[in-house]
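Visitor: Only the shape, not the letters, is given here:
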């Protein structure tokens, strides 16, 4: 047997780190006791917003969210109960990303679908947002559908800018598991609507891959 993965937290006070502590455990009821890709941002009000992946919904991954006032983050009981934002994620590498836009908007993009192998449903890239600091979240918006049922998405990146501009990029991997292409999409109204996706780079016959995009 093995112990479930945990999300660990430690705080730097300017001279030392606090003792690491477990703040969230992976669900152990079905044996899929994994936690992947925890990411956090802090807003202007001093709230830490945390997302991570776990797998209570095998073979899919679930996107979880919690928040805490930064001064209280070293106390386990101060963290908000975890909230499932979506339950149909691939869990592929770096396939979730969160970004903060002042004063109170959070942007999250993620790769959707079964993790690997051929499937009967199209994988893709989805987007959700919160405009009230994580209290409520929008319904998922599908940014991109991958028609090849053996391909999927990973390495999702989100970058908000001024004047309501929002940029998102991702990798599409093929049946080899390597990056086949890199795509980019933008919104000019803060994520309410998006332009058509743009192909930035594509692997050719002798290329190893096109991957590891960054914004």
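Guide: Here it is on my side, so go on. Bear in mind that the values here come from a model prediction, so they are computed numbers and not experimental data.

Visitor: can you pull out the strands in this protein?
Guide: Here the chain has its strands, by DSSP state E, at 6-9, 21-25, 35-42, 47-54, 61-69, 83-89, 96-101, 105-112, 123-130, 141-146, 152-160, 166-173, 179-187, 198-202.

Visitor: elements contacting the last one?
Guide: Right, strand 198-202. strand 179-187 (3 or more CB pairs under 8 Å, 6 or more residues apart in numbering; DSSP states H and E). C-betas here are computed from N, CA, C, even on glycine.

Visitor: Neighbours of residue 47, how many?
Guide: 19 (other CB atoms under 10 Å).

Visitor: would CSV of the strands of the chain with mean pLDDT and distance to residue 76 be doable?
Guide: Output for the strands of the chain, formatted as CSV (pLDDT from 0 to 100; distance: least, CB to CB, whole Å):
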stretch, mean pLDDT, distance to residue 76
strand 6-9, 95, 8
strand 21-25, 93, 6
strand 35-42, 96, 15
strand 47-54, 97, 13
strand 61-69, 97, 10
strand 83-89, 97, 17
strand 96-101, 98, 21
strand 105-112, 98, 23
strand 123-130, 98, 23
strand 141-146, 97, 34
strand 152-160, 97, 28
strand 166-173, 97, 33
strand 179-187, 97, 36
strand 198-202, 96, 42
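
Visitor: what does stretch 174-188 rub up against?
Guide: If you take CB atoms under 8 Å, 6 or more residues apart in numbering as the criterion, stretch 174-188 is touched by 116, 125, 143-144, 148, 150-151, 154-155, 164-173, 193-203, 208-213.

Visitor: What's the PyMOL line that selects buried ones from those residues?
Guide: In PyMOL syntax, the buried subset of the contacts of stretch 174-188 is picked out as below (16 or more other CB atoms under 10 Å):
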select buried, resi 116+125+143+144+151+154+155+166+167+168+169+170+171+172+173+194+197+201+203+209+210+211+213
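
Visitor: want to throw the strands of the chain into TSV with distance to residue 75?
Guide: Listed next are the strands of the chain as TSV, based on distance: least, CB to CB, whole Å:
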stretch	distance to residue 75
strand 6-9	10
strand 21-25	9
strand 35-42	16
strand 47-54	12
strand 61-69	8
strand 83-89	19
strand 96-101	22
strand 105-112	23
strand 123-130	24
strand 141-146	35
strand 152-160	29
strand 166-173	34
strand 179-187	37
strand 198-202	44
